[in-house]
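Student: this one's structure only:
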């Protein structure tokens, strides 16, 4: 027992000394990678960021600003276009940095989850995808690519900006976009904040994206997806296909409807519509009820049915405002004004997608995920009550809907190291598991959701018991 006391003292000293040393060593930040945009299109006119990396460790979601443009366990950045008609024009997905093609998948149909179920695509939620391996252990992954559009092969060297495929609607998604995921050593990294800041939202950031992309992609809390004038109440799936975007309406159009589709709307937001005639008279003035929660996509509209003598061949103007109560006052969180001429000829700029556009969503004519009841009832009332607006409604998709874009896609990239390097890395990794010296600082800290005393108190208590027993043994022997 005489040798026990020095041994315990040595263990305690090692723990005290090792904690700060290994705490510093744990922050082994890899060399940075500079990423360009993953798409070749005009930003933000044609493509823009809608969903960000989830920084909330719990069941909720928070983007890097602590806002709500993320969803639970989303480990990527979603860059989208307005609708399938735009997607059908061909949006190139490009390499964000020099690298080597590590894995690909192609051939999944561009139906999203409209014609598919989560079970039918389980394990393939990424859809058609490409994974690239870059220098210093970095990996980028590109998901939801258009079927048959992948232009690279496994093992191919690519340069930053090289075309990989086209943006599509494959896998677990509800809208056309590319999901870009960035990893290092199996750790997903938010490219808007960098390796060190990936964790709690609101921390200091060292973005991986190049400055030019960041300048064109400022964070927008509530933004526009689509908007336009049409001649009847629109449905969500029709908006997805690119319909209801008229440049002109005929004088005999059955109704004049102004619609707006937004992302990032919040609890309590109210949609307000005003439509004025050519003489400045107000045809529609309406404010919808407050929405109950956060919304990933909100389609709202209002309008008036055709008067008995038809529409005047003039220009009509619609104004939309999203009203938001903040700090005891009502503010305009978003505002958009559009005008439309009435008179021949009538032309719809995007009534149906081009032939190359995926036909999955349009074939079955499904209803929107969630449609407010008043979208139907108020239109029916308007048919018998000319003094009320002819059409008004809300088609709101809650934040839970967009959680279907799974954050950990299955297109796994293989290491590029040689066999001998891989064996050495495996041995080092196994040794770290058996002797977790680098994890001692983390083991000594208590997680926020743990109960009971912190681990370091327990460790000191155990050492105290050991010293006590050693002392008793020593005194007894004396």
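Tutor: Received it, and whenever you're ready, just let me know what you need. All of these numbers come straight from a predicted model, not from anything done at the bench.
Student: Please count neighbours and contacts with C-alpha atoms only from this point.
Tutor: Will do.
Student: Could you report the neighbour count for residue 275?
Tutor: Residues contacting residue 275 under the criterion other CA atoms under 10 Å number 25.
Student: which residues touch the helix or strand hosting it?
Tutor: Using DSSP states H and E, residue 275 sits within strand 270-276. The contact list for strand 270-276 (CA atoms under 8 Å, 6 or more residues apart in numbering) reads 258, 282-291, 300-303, 316-324.
Student: Give me the buried subset of these.
Tutor: With neighbours counted using 16 or more other CA atoms under 10 Å, the contacts of strand 270-276 contain these buried positions: 258, 283-284, 286-288, 291, 300-303, 316-324.
Student: which element is residue 301 on?
Tutor: Here residue 301, judged by DSSP H and E, is contained in strand 295-305.
Student: And the pLDDT for residue 260?
Tutor: At residue 260, the pLDDT value in this model is 97.
Student: give me the beta-bridge partners of it?
Tutor: Residue 260 has these beta-bridge partners by DSSP bridges: residue 227, residue 300.
Student: hang on, the earlier thing: so which of the buried ones among the contacts of strand 270-276 sit within strands?
Tutor: Using DSSP state E, the subset of those located in strands is 258, 283-284, 286-287, 300-303, 316-324.
Student: returning to what we had before: just want the angle from the strand holding residue 301 to strand 270-276.
Tutor: 30 degrees (axes from the mean of the first three to the mean of the last three CA atoms, to 10 degrees).
Student: ok so, going back, name every strand pairing with the strand holding residue 275 and say which way it goes.
Tutor: Next to strand 270-276 in the sheet, as set by DSSP bridges, lie strand 282-287 (antiparallel), strand 315-326 (antiparallel).
Student: Contacts for the last one, please.
Tutor: What that stands for is strand 315-326. Contacts for strand 315-326 (CA under 8 Å, 6+ apart): 258, 260, 268-278, 330-342.
Student: could you redo the last one with a cut-off of 6 Å?
Tutor: 269-278, 330-341 (CA atoms under 6 Å, 6 or more residues apart in numbering).
Student: next helix or strand past that strand?
Tutor: Counting by DSSP H and E, what follows strand 315-326 is strand 329-341.
Student: Buried residues in that following strand, which are they?
Tutor: Across strand 329-341, burial judged by 16+ other CA under 10 Å covers 333, 334, 339, 340, 341.
Student: Run through the bridge partners of the nearest residue to the first one once chain neighbours are set aside.
Tutor: Right, residue 333. Once flanking residues are discounted, residue 333 sits nearest to residue 322: 5.5 Å by CA to CA, 6 or more residues apart in numbering. Assessed by DSSP bridges, residue 322 has beta-bridge partners residue 271, residue 334.
Student: Can you read off the pLDDT for residue 322?
Tutor: For residue 322, the model assigns a pLDDT of 97.
Student: Which secondary structure element of the chain has the lowest mean pLDDT?
Tutor: helix 374-384 (a mean of 26; mean pLDDT, DSSP states H and E).
Student: now this structure, which segments are flagged as low pLDDT?
Tutor: Within the chain, the segments meeting pLDDT under 70 span 1-27, 345-478.
Student: Do a quick rundown of the helices in it.
Tutor: Counting by DSSP state H, the chain has helices at residues 4-26, 84-88, 211-216, 236-241, 360-363, 374-384, 419-434, 440-443, 455-477.
Student: Is it possible to get TSV of the strands paired with strand 270-276 that adds distance to residue 162?
Tutor: Output for the strands paired with strand 270-276, formatted as TSV (distance: least, CA to CA, whole Å):
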stretch	distance to residue 162
strand 282-287	48
strand 315-326	40
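Student: Tell me which of those lies nearest to residue 169.
Tutor: strand 315-326 (29.4 Å; CA to CA).
Student: what's the angle between the closest one and strand 329-341?
Tutor: Calculated by the same axes, to 10 degrees, strand 315-326 forms an angle of 160 degrees with strand 329-341.
Student: And for residue 58, the neighbour number?
Tutor: Residue crowding around residue 58 was assessed by other CA under 10 Å; the count is 11.
Student: Phi and psi next, for it.
Tutor: Backbone torsions for residue 58, taken as degrees, to the nearest 10, come to phi -90, psi -160.
Student: Residue 189 versus that one, what's the distance?
Tutor: Per CA to CA, to the nearest Å, residue 58 is found 17 Å from residue 189.
Student: what's the nearest residue to residue 272 if we skip its chain neighbours?
Tutor: Using CA to CA, 6+ apart, the nearest residue to residue 272 is residue 287, at 4.1 Å.
Student: Please apply the same query to residue 257.
Tutor: Nearest non-adjacent residue to residue 257, counting by CA to CA, 6+ apart: residue 303, 4.1 Å away.
Student: okay but that neighbour is in contact with residue 256, surely?
Tutor: Yes - if you go by CA atoms under 6 Å, residue 303 and residue 256 touch, sitting 5.4 Å apart.
Student: give me every residue that touches residue 247.
Tutor: Applying CA under 6 Å, 6+ apart, no residues qualify as near residue 247.
Student: now it: how far from residue 71?
Tutor: 35 Å.
Student: Repeat that for residue 268.
Tutor: Applying CA to CA, the value for residue 268 to residue 71 is 20 Å.
Student: by contact count, what packs against the strand holding residue 301?
Tutor: strand 255-263, strand 391-398 (3 or more CA pairs under 6 Å, 6 or more residues apart in numbering; DSSP states H and E).
Student: repeat that for 8 Å
Tutor: Where contact means 3 or more CA pairs under 8 Å, 6 or more residues apart in numbering; DSSP states H and E, strand 295-305 is packed against strand 255-263, strand 270-276, strand 282-287, strand 391-398.
Student: between the shortest one and strand 255-263, how many degrees?
Tutor: So the one you mean is strand 282-287. For strand 282-287 against strand 255-263, the angle by the same axes, to 10 degrees is 40 degrees.
Student: Just the residues contacting strand 282-287, thanks.
Tutor: 270, 271, 272, 273, 274, 275, 276, 277, 302, 303, 304, 389.
Student: Max pairwise distance over the residues you listed: which two?
Tutor: 270 and 277 (23.4 Å).
Student: When these two are compared, which one has more neighbours?
Tutor: Set residue 270 next to residue 277 and count neighbours by other CA under 10 Å: residue 270 wins out with 21 against 16.
Student: What separation do you get for that one and residue 234?
Tutor: Relative to residue 234, residue 270 is positioned 19 Å away (CA to CA).
Student: Repeat that for residue 61.
Tutor: Taking CA to CA, one finds residue 61 at 30 Å from residue 234.
Student: the more surrounded of those two?
Tutor: Higher neighbour count among residue 61 and residue 234: residue 234, with 24 against 21, using other CA under 10 Å.
Student: May I have the residues that are in contact with residue 330?
Tutor: With CA under 8 Å, 6+ apart, residue 330 has these contacts: 323, 324.
Student: Look up the residues forming beta bridges with residue 223.
Tutor: On the basis of DSSP bridges, residue 223 is bridged to residue 263.
Student: Pretty sure it sits against residue 295.
Tutor: No - applying CA atoms under 8 Å as the test, residue 223 and residue 295 come out as separate, 11.7 Å apart.
Student: so what sits against both of those two?
Tutor: Overlap of the contact sets of residue 223 and residue 295 (by CA under 8 Å, 6+ apart) consists of 263, 264.
Student: More neighbours: these two, which one.
Tutor: A count of neighbours by other CA under 10 Å puts residue 295 above the other of residue 223 and residue 295, at 22 against 18.
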